[in-house]
Each structure stands twice: as structure tokens, then as C-alpha cells.
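>>> Got a predicted structure here, sequence first:
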2 protein chains.
Amino acid sequence: MTADFGTPLGPGAEFDLIRALIGRWGPLAVGIGDDAAVVDLPRGERLVVSTDAAVEHVHFRREWLSVPEIGYRAVAAALSDLAAMAATPRGVLISLVVADPAASELAQLADGIGEAVRDAGTVVRGGNVARGHELGITTTVLGSVYAPLTRSGARPGDVLAVTGALGGPAAALRALRSGTAPAEPVRSRFVRPRPRLAEARWLAARGAVACVDLSDGLAGDASHLAAASAVGLEVEVERVPVFAGASGDDALAGGEEYELLIASRAPIDDAAFAERFGIPLTVIGRVTERDSGIRFTRAGRRVAAPRAYDHFSG
Amino acid sequence: MTADFGTPLGPGAEFDLIRALIGRWGPLAVGIGDDAAVVDLPRGERLVVSTDAAVEHVHFRREWLSVPEIGYRAVAAALSDLAAMAATPRGVLISLVVADPAASELAQLADGIGEAVRDAGTVVRGGNVARGHELGITTTVLGSVYAPLTRSGARPGDVLAVTGALGGPAAALRALRSGTAPAEPVRSRFVRPRPRLAEARWLAARGAVACVDLSDGLAGDASHLAAASAVGLEVEVERVPVFAGASGDDALAGGEEYELLIASRAPIDDAAFAERFGIPLTVIGRVTERDSGIRFTRAGRRVAAPRAYDHFSG
């Protein structure tokens, strides 16, 4: 049942597909050809692993994305989970479900996947292909890190900050759902998410003590971080950076961001961050007492919490 | 987009599902609740990882298996890839696609998955759930081993041996496809494959130098092992052990076995193996000169190669 990408491989229809994928990936496909891949991690670093599915009709629609974009987005979103742990990627495994594996679609998907893998400086270490009615990409990401960032490290008094500007993916999704084409910078935020891998490692080395990626949006993931750390959070909504073309609600409640929310015990050096990465790092609030809930405030007064994004309810 | 199984988790429909799964798994769900799982491997051991998909209509049909059996089989088959490397399981990640996540089906699936995980002495370290028309389980298996067995270690003069008796799954599939119920021992071989994890470690410690699991059947996987090792193989078909109720063709060409084919440089101690594991270990041939192809012989005379099993062509 296994179908590892690899060389040299024996005969068979599935292996022909896999050979085609490997050909497409070239040097991005590494160490493949056994029942499982052997991965060596730097001595002393811990393994970090996550799996993430992108399924047609659930996570995307064909009308919204080209086939290479489907591949790119699936893999970049999965890699974002490694960013949240401040881990360095050590490889991905790709499990594909496609309607017609012989069609050019598989090669296009491979191209998008390969581009996301290359952009993250990592490699493909295995996977499999199956036939099905709904296009699906399940990506397993492997990373390593000496001291993982977690969701549970926040303590009262830490500052809360976010990378980048928020709301772009939500604005793009709103346009796509209403049948209009999103403007390009906004569309790009949805189509080509950037896992903040180097940014997370930089932050972890400078006082970040807890982190979550904003796949469920700021409101949703703030509640996950608060729950995991058993703390309260105060988010000053007027400080939340809004992506050009998005609304304040998009920024607070929209999902699929893949920016990072961090709690930092050290002061935030936003200027050094922006100079290094070309995106803002913005203090948006602070960690409050144990189990005190999440308060959204504007000019010091409490405002209603935005409805959290839940892609599964869609 | 991520939905790690974990506690404590924030609110949301997807997280409710995940809480339900964790409740079902109890102590089998370990260390979950961050964007990714941190896994510590024994010092000096190498990470071994593989991913495997079981998709409705491609890898199984509902009429053939109960829902718990679908879960069990998917995970056991994935774990078999660790057996082929002589690795010890260190955890699995489970990515599920289900039509109606609220239905009891998810709990039944979780029960079967949990049973396979427990039987292998391992744990669930993460995963996700998505909605889709075709039931799908993508299992990523993590293992570790000091010296992995590979497909490429066979050299001329090694003996070839297989664990267990072959053909049971093929005989079961034949019955199922013709609409008849397979007899119980044969059905069980298809429904509840046993990854030969302890068996592989035992063999690796006693002279096995190459290994492949028989997911593609003896004829198919022998060709993969020969290709990877750049050797020829001779298989004496009359020595291949046939499972009671299966035919010789089932044993040679049928897939979905999850027994192991090994090349061993040391003599095979079949009696010690059988006493330890309660299944046979049988010498079925030998490794021949470099790139000399695969010869199937009966009473010393060459016979036609069986058609290799290719589950993707179905």
C-alpha cells in the first residue's frame, strides 16, 4: 500500500507516477526509495512534527486557486506549524489524492509543492499518491529545534505581539466567496502564505516565550494560546495592524493568516525585526492574570470579542 | 487550518471533534495541544518516518470492512513501513477525512485506530479532521532505530526469507470482490494486518541486511528489493509458504500482505523465530548476481513470473 517516492524503484503504475513526481522535483526529493525515510537531526535538537490536510471543497475551491497554487498553499500552511514552534524544517512528506493521476494536474501540483518546499529551504522525503474524487494534499512536516516554543509558555506581564499585517486572507476570501476577483496584494496573502520560519527563530532567541500561528485567526488563536497557558490576554484592537485592502474585522477574526502571535518576556525590538524581515512586528496587548479570559479593548474600554474564525464550520 | 489533537484547547467546532477523539483515545493520545508535536528519540537512534493513505474506493470498500476495521487496517498498514526498516514506533499522526464528523462513525474509526496503535505499543501524537465525501485516513508513522534496515542492503549470496504464510489477503480480496464472505482466518489476514515490528528487530539483530514489507506482494516487492540493491533474486516457488485457504498464485502475486521479505547474510534460524513469534520464517531463495533480474523456479527450472500486484491499477 505504501508508495514512497524514490529511486531506484521497481515496476508498477503507482511507481511510474512517483518517478514522474521525483523527476519534477529533481534535487528537492531526497533520500527516498525505502519503505520509510531516515532523517538525521542535528545533535541535541528535538524532533517537531505536524500533519495538515488541504481538501477540495473544505479548505479551498478550484475556482479560487490554480493547481500549482493549491500545492504551494497546502505545503506553506503546513510548514507554518513548524514556525509556531520556532523549528527549522528538516523535510516534508506529501500524501496526494488526485482524480486523474495521469493528467498534467499532478505535475502542476508537484510544481507548486516544490516551490513551497524550496522557499522554506527544505526537501521532500516521501509520500504517496491515491486516486479520489476530491483533490487532497496531506502534508507532514518534520522539523527540529533545541528549545521548542509552545502555546503554553505565556505568563502574566508578557507582551503580546504579531508579525506582519492581518486581514489579507479574510479580505481575499470575502471577495472570492462573493464571486469577485480580489486585488493582487490581498489575493497573494491568501494564495501564497509565507510560513514565518526565520522570524520565529529570531523571536525565540530574543525573549519570545509562547507562540501560535494564526491559522484560525487572531481571535481564535489568541483563545488557544490563553487556554494552553492558563492566562488571560488583553488585545488592544486599535493596535492590530491591518493589511492594506482589509477591514479591521478581517484582521481580528479572519483565519488562514499564518502570521505569528507571540508572548514575549523581553521588550519587542520592532525596528530590528522590520529591518531584518521586511514586515512589521507589532505589540498588540499583554498577558493578564491567570484564567482571566480574553479582553478586547479600544481606547482602554472593553469591546465585544470578534467571532472566531472556524474553517470547519464552513 | 491546523487542528492538532490536544488539551487544553480553545473553542471551535473542529476542536470539539478533536476533544472527542482524545476522549476516545485516553492515554493513547500523548503530548498534544501545540501547533506541532515534540518527540524525543533515544540518543543515537535515527528518525524513520513514512506516510500512508487509505482512501475509500481506492484502498477499501465499506462493504468489506466495519468502520473500526477501516481504522485498524489503515494504521497497521502504515506501521508496517516501520517494521520494514526494523524501527521501533515512537508515535503516529492521523489525518482523517469523514463525511459527517458529528456521527458515531468518527468514534468508531477512532476505536479501530486506537486498537492498532495500542497493539503496536505506540501513541497518537497529533493529526487533523476534515469533511469530505470519501472516507480517508492518512497515517504518518514515526519510528527510531540505530541502524535502519533498507531495501538496498542485499548482496549476491544472501539468503531470501519471508515471515508468515502468504496469500491470505489476496484470497480474502478475491472472495470479497466476487461478493462472497471470506472464511474467517483468511478475512482476518486482510482486515487486521499485523505489522511485523518485533520480528524485524529480531531479524536485524541476527543477520538480516535488507528488508521490504510485502504491501505490493511477493512478486512486486521482490522486484523493488532487487532494483534497490541492484542484484538478482531467485525465488523457489515451491518453498513459498501458502496461507491455509489461499492459492499458490495468491501467495506469489497477492498484495496487502504486510509480511516481510528479508535478505540475510547469516543462516536463518527458523526454529528460534517460530518459537518466539508463533509464525514461520521460511527460506524461499537467494540473492544472485548483480542486476541479473528475478527468476522464479520450480524444481530447479525457471517458471513464468507472476503478475505483480498493483493496487493503483484497480
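It's in. What you see is a predicted model; the values in this text were computed from it and never measured. Numbers count the residues shown, from 1 in each chain, chains lettered A, B, ... in the order given.
>>> Tell me if A:A86 really is in a helix.
No - membership of A:A86 in a helix is not supported by DSSP: H, G, I helix; E, B strand; the rest coil, which gives coil.
>>> Once you drop chain neighbours, what's closest to it?
Spatial nearest neighbour of A:A86, excluding adjacent residues (C-beta to C-beta, 6 or more residues apart in numbering or on different chains): A:A204 at 3.8 Å. In this view, the C-beta of every residue, glycine as well, is placed from N, C-alpha and C.
>>> and whichever residue of the stretch 51-200 of chain A sits closest to chain B, what does it touch?
Nearest residue of the stretch 51-200 of chain A to chain B, counting by C-beta to the nearest C-beta: A:A84, 3.6 Å away. The neighbours of A:A84, taking C-beta atoms under 8 Å, 6 or more residues apart in numbering or on different chains as the test, are A:L149, A:R151, A:A200, A:C211, A:V212, A:D213, A:L260, B:D34, B:D35, B:A36.
>>> Try it again at 7 Å.
When contacts are counted by C-beta atoms under 7 Å, 6 or more residues apart in numbering or on different chains, A:A84 touches A:L149, A:A200, A:C211, A:V212, A:D213, A:L260, B:D35, B:A36.
>>> how far away is the fifth one from A:G278?
So the one you mean is A:D213. Distance, A:D213 to A:G278, using C-beta to C-beta, to the nearest Å: 19 Å.
>>> Repeat that for the last one.
In this structure, B:A36 lies at 26 Å from A:G278, with C-beta to C-beta as the measure.
>>> Pick out whichever of those two has more residues nearby.
With neighbours defined as other C-beta atoms under 10 Å in any protein chain shown, B:A36 and A:G278 compare such that B:A36 has more, 32 against 8.
>>> what's near enough to touch the more buried one?
Residues near B:A36 by C-beta under 7 Å, 6+ apart: A:V48, A:V49, A:S50, A:D81, A:L82, A:A84, A:M85, A:A87.
>>> can you redo those as a markdown table with pLDDT?
As requested, the contacts of B:A36 are arranged in a markdown table below (pLDDT from 0 to 100):
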| residue | pLDDT |
| --- | --- |
| A:V48 | 97 |
| A:V49 | 97 |
| A:S50 | 96 |
| A:D81 | 96 |
| A:L82 | 97 |
| A:A84 | 97 |
| A:M85 | 97 |
| A:A87 | 98 |
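>>> now these in TSV, with distance to B:I18?
Shown next, in TSV, are the contacts of B:A36 (distance: C-beta to C-beta, whole Å):
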residue	distance to B:I18
A:V48	19
A:V49	17
A:S50	13
A:D81	15
A:L82	20
A:A84	17
A:M85	18
A:A87	22
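>>> in what helix or strand does A:H224 lie?
Following DSSP states H and E, one finds A:H224 within helix A:217-229.
>>> Just the C-alpha atoms of that helix, please, in CSV.
These are the backbone C-alpha positions of helix A:217-229, laid out as CSV (Å, rounded to 0.1, in the frame of the first residue of the first chain):
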residue,chain,number,x,y,z
GLY,A,217,-7.2,34.0,13.0
LEU,A,218,-6.2,36.3,15.8
ALA,A,219,-9.3,35.9,17.9
GLY,A,220,-9.4,32.2,17.6
ASP,A,221,-5.7,31.5,18.1
ALA,A,222,-5.4,34.0,21.0
SER,A,223,-8.0,31.9,22.8
HIS,A,224,-6.0,28.8,22.1
LEU,A,225,-2.8,30.4,23.5
ALA,A,226,-4.7,31.7,26.5
ALA,A,227,-6.2,28.2,27.2
ALA,A,228,-2.9,26.5,26.8
SER,A,229,-1.0,28.9,29.0
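>>> Mind giving me the packing neighbours of that helix?
Taking 3 or more C-beta pairs under 7 Å, 6 or more residues apart in numbering or on different chains; DSSP states H and E as the contact definition, the neighbouring helices and strands of helix A:217-229 are strand A:208-213, strand A:231-236, helix A:248-253, strand A:260-264, strand A:294-298.
>>> rerun at 10 Å
Helix A:217-229 makes packing contacts with strand A:159-163, strand A:208-213, strand A:231-236, helix A:248-253, strand A:260-264, strand A:281-290, strand A:294-298, helix B:13-25 when contacts are defined by 3 or more C-beta pairs under 10 Å, 6 or more residues apart in numbering or on different chains; DSSP states H and E.
>>> Report the angle between the second one and strand A:231-236.
Between strand A:208-213 and strand A:231-236, the angle formed by their directions is 70 degrees, by axes from the mean of the first three to the mean of the last three C-alpha atoms, to 10 degrees.
>>> Could you list the alpha-carbon positions for strand A:208-213 in PDB?
The C-alpha atoms that make up strand A:208-213 are tabulated as PDB, following Å, rounded to 0.1, in the frame of the first residue of the first chain:
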ATOM      1  CA  ALA A 208       9.600  35.100  22.900                       C
ATOM      2  CA  VAL A 209       8.200  32.500  25.400                       C
ATOM      3  CA  ALA A 210       4.900  31.400  23.700                       C
ATOM      4  CA  CYS A 211       3.800  31.300  20.100                       C
ATOM      5  CA  VAL A 212       0.900  30.200  17.900                       C
ATOM      6  CA  ASP A 213       0.400  30.600  14.200                       C
END
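>>> so where's the stretch 51-200 of chain A uncertain?
A:102 (pLDDT under 70).
>>> What ranges does it have for its helices?
In the stretch 51-200 of chain A, the helices defined using DSSP state H, counting those that start in this stretch lie at A:67-84, A:104-119, A:168-177, A:184-191, A:197-204.
>>> Could you single out the most deeply buried of those?
Of all those, helix A:67-84 carries the top mean neighbour count, a mean of 27, counting by mean count of other C-beta atoms under 10 Å in any protein chain shown.
>>> Now do that helix and strand A:260-264, the angle between them.
Computed by the same axes, to 10 degrees, the angle between helix A:67-84 and strand A:260-264 is 10 degrees.
>>> And helix A:67-84, how far out from the chain middle?
If you compare the mean C-alpha spot of helix A:67-84 with that of the full chain, they lie 6 Å apart, counting by C-alpha atoms, centre = their mean, to the nearest Å.
>>> what angle separates that helix from helix A:197-204?
Orientation of helix A:67-84 against helix A:197-204 (the same axes, to 10 degrees) gives an angle of 10 degrees.
>>> Okay, angle between helix A:67-84 and helix A:104-119 too, please.
Helix A:67-84 and helix A:104-119 meet at an angle of 30 degrees, taking the same axes, to 10 degrees as the criterion.
>>> how about the CA coordinates for helix A:67-84, as CSV?
Taking C-alpha atoms only, helix A:67-84 is exported to CSV below (Å, rounded to 0.1, in the frame of the first residue of the first chain):
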residue,chain,number,x,y,z
VAL,A,67,-3.4,23.9,-9.4
PRO,A,68,0.2,25.0,-8.6
GLU,A,69,-1.2,27.5,-6.1
ILE,A,70,-3.2,24.7,-4.4
GLY,A,71,0.0,22.8,-3.9
TYR,A,72,2.0,25.8,-2.7
ARG,A,73,-0.6,26.9,-0.2
ALA,A,74,-1.1,23.4,1.3
VAL,A,75,2.6,23.0,2.0
ALA,A,76,3.2,26.5,3.1
ALA,A,77,0.3,26.3,5.6
ALA,A,78,1.7,23.0,7.0
LEU,A,79,5.1,24.5,7.4
SER,A,80,3.6,27.3,9.4
ASP,A,81,3.1,24.8,12.3
LEU,A,82,6.9,24.4,12.4
ALA,A,83,7.3,28.2,12.5
ALA,A,84,5.0,28.3,15.5
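>>> Please name the nearest non-neighbouring residue to A:G245.
Ranked by C-beta to C-beta, 6+ apart and with sequence neighbours excluded, the top spatial neighbour of A:G245 is A:V186, at 4.4 Å.
>>> pretty sure that neighbour is touching A:L166, no?
No - with contact defined as C-beta atoms under 10 Å, A:V186 does not reach A:L166; the gap is 11.8 Å.
>>> For the two, list the residues in contact with both.
In the contact map built from C-beta atoms under 10 Å, 6 or more residues apart in numbering or on different chains, the residues linked to both A:V186 and A:L166 are A:F243, A:A246, A:D250.
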